[in-house]
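> This is the structure alone, sequence omitted:
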């Protein structure tokens, strides 16, 4: 324990009892920082400089920065009318929703939350625009849970209102059904919809001044968090507002207390909705500002961290519900023991927080930081304000422990002289997404000027970056700068794709290229039968087998004999196997039992190449949902066929 932490701990007494009994987070460490390697493969364009950096040479080429990637690739994109100001992303099945952060014109027809048809992931298409009161400027509070799509107007809305909209996406998600809007009673910089879709927690940013009166007490009119009941989504109700002054007096008396944080920034809950996890936007880099804060600077710096509250009363709709304090974890405490690069943890502000259940069965909270330097991306700012990702073990929720940290090489203090000399741009792990919130392994970081970073947290004490993708500049990106990714990254397990956005460059659909981390690349297809035409007549006999041996070897075959046209197709060499991403007729992309494979072979004996897409639904064409097959010639011929199969097609997860 360093000297500063020892002083803090020696002061944590109240009436002779240690405040450890009140569960002040200990941050005792046993972990290590991340490995920072991605081995480039075929088609990758790796970073030229330090991991996480963009060199001056990369930014100075004609047309601006051209992008880098390793272990991940672009599947498809939509520039969203080149409107810029990307907000956040939500996805369900074939539907992707992309909002705006700061539209300059709320009346423009291209302003709002875009509805994107991702039936063909390589070519996503805008099919609608949600322009209800909140969706016109929704930001990070954009969620889909329990077939409900929620969006909240960013920060503080027009005419003193703070609208939150909710839609039903249980039917045709390309045409979501508007249910209601409600004034949430507070700003919505960030927020959280509980997994059951019944409770929305909103976090304002700024607003009524934190301190008031001659004695600078907490202003009771300030809203640090507000709660809305969506149990009946057509008739939502305000439940309550919460102010940090409601914390117990003994917590408010802590030398490193949460009262000094400029703002709260983010919130999430556990699966049951009985715990709330809040990021305190403290430190000496609080971008929100807290003018004339009389709280000593040391205490302001140490207000940076994680607050855990018991929300059981709220989840159970107890009359006069109250949050109960569980623990407060300050970044100041014992950080040198987990990662000496942090210093006292105060040079950046706690930014994003998300509860997960790790694949090892334990509960954790994943957090990120934000800094002005990280937003700007310049070397001086990145060096001065240290931003990191943390994995926090909350098995003992009264004594959370940081067990692992992640940062790119560009964020390491020992590299600052080189960064400054080379005028590199860097970033920060800023927003985040999870592969499976309740069986988590991969974390997807939206790292601002460092693009998307994908980190394997299989060992929570030794994370490893396994992929990154940094998009090329949009035409609107300023010369010498880089466009950056801002929002939470949403992962769709049915096709193993990530959905995110770049501030100017619009929506991007990405996928991992290593089968170890991309289960869709480990799907196998087999079987055969009779392909039927649109009238239900026998058209062709098909036989197929496609699978992967290890990570690299594709093995398989495909044959089709068309009874109607007497054409013969054969694939004897596979070149691709994975999720459905291209035009594939009636075979859907967003399905656990769909697969696309491609290969070279022959068409009527002449060399040709083909795309084949398969969906297993049931056994044969007589079932309510028959198996489907699509095949098209991609080179050397013009054959295409699409239909159901009488027989048996199987898609297995290896």
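Ah, there it is. As the structure is a prediction and not an experimental result, all values here were calculated from the model.
> all helices for the stretch 351-500 of the chain, in order.
With DSSP state H, counting those that start in this stretch applied, the stretch 351-500 of the chain shows helices at 372-376, 379-384, 416-422, listed in chain order.
> And the strand or helix carrying residue 561, what's buried?
Element membership for residue 561, per DSSP states H and E: strand 553-562. Under the neighbour-count criterion of 16 or more other C-beta atoms under 10 Å, strand 553-562 has 554, 556, 558, 559, 560, 562 buried. (Glycine included, C-beta is placed from N, CA and C.)
> Turn those residues into a markdown table, columns for pLDDT and distance to residue 52.
Shown next, in a markdown table, are these (pLDDT from 0 to 100; distance: C-beta to C-beta, whole Å):
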| residue | pLDDT | distance to residue 52 |
| --- | --- | --- |
| 554 | 96 | 33 |
| 556 | 96 | 38 |
| 558 | 98 | 42 |
| 559 | 98 | 48 |
| 560 | 98 | 48 |
| 562 | 97 | 52 |
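> So which of those residues is the closest to residue 50?
Taking C-beta to C-beta as the measure, residue 50 sits nearest to residue 554 out of these, at 34.7 Å.
> Pretty sure that closest one sits against residue 578.
No - counting by C-beta atoms under 8 Å, residue 554 sits too far from residue 578 to count as a contact (10.1 Å).
> residues shared between the contacts of those two?
By C-beta atoms under 8 Å, 6 or more residues apart in numbering, residue 554 and residue 578 have these common neighbours: residue 597.
> Local confidence estimate at residue 215?
Residue 215 is assigned 63 on the pLDDT scale.
> okay, now the domains of this structure?
With domains defined by automatic domain parsing, the chain comprises 3-204+241-512, 519-653.
> Tell me the spacing between the closest residue to residue 435 other than its chain neighbours and residue 319.
Counting by C-beta to C-beta, 6 or more residues apart in numbering, residue 442 is the residue found nearest to residue 435 once chain neighbours are left out, at 4.1 Å. According to C-beta to C-beta, to the nearest Å, residue 442 stands 42 Å off from residue 319.
> okay, those two: which has more neighbours?
Taking other C-beta atoms under 10 Å, residue 442 and residue 319 do not tie; residue 442 has more neighbours (22 against 5).
> what about residue 343, how many residues close to it?
If you count neighbours by other C-beta under 10 Å, residue 343 ends up with 17.
> shaky segments in the protein?
Flagging of the chain using pLDDT under 70 yields the residue ranges 1-36, 212-216, 255-258, 285-299, 334-337, 618-624.
> By residue count, which strand of the protein is the longest?
Once the chain is assigned using DSSP state E, the strand that runs over the most residues is strand 640-653.
> From the chain's centroid, how far away is it?
Between the centre of strand 640-653 and the centre of its host chain there is 33 Å, according to C-alpha atoms, centre = their mean, to the nearest Å.
> what angle separates that strand from strand 553-562?
Orientation of strand 640-653 against strand 553-562 (axes from the mean of the first three to the mean of the last three C-alpha atoms, to 10 degrees) gives an angle of 140 degrees.
> ok, strand 640-653: who's next to it in the sheet?
strand 523-532 (antiparallel), strand 628-635 (antiparallel) (DSSP bridges).
> buried stuff in whichever helix or strand comes after the strand holding residue 561?
Next along the chain after strand 553-562, taking DSSP H and E as the criterion, comes strand 568-578. For strand 568-578, burial by neighbour count (16+ other C-beta under 10 Å) applies to 569, 570, 571, 574, 577, 578.
> isn't the fifth one right next to residue 544, touching?
No - with contact defined as C-beta under 8 Å, residue 577 does not reach residue 544; the gap is 11.6 Å.
> the helices in the stretch 51-200 of the chain, which residues?
Under DSSP H, counting those that start in this stretch, the stretch 51-200 of the chain gives helices at 56-59.
> Residue 640: which of the buried residues of strand 568-578 is nearest?
Among these, and counting by C-beta to C-beta, the member closest to residue 640 is residue 569, at 10.6 Å.
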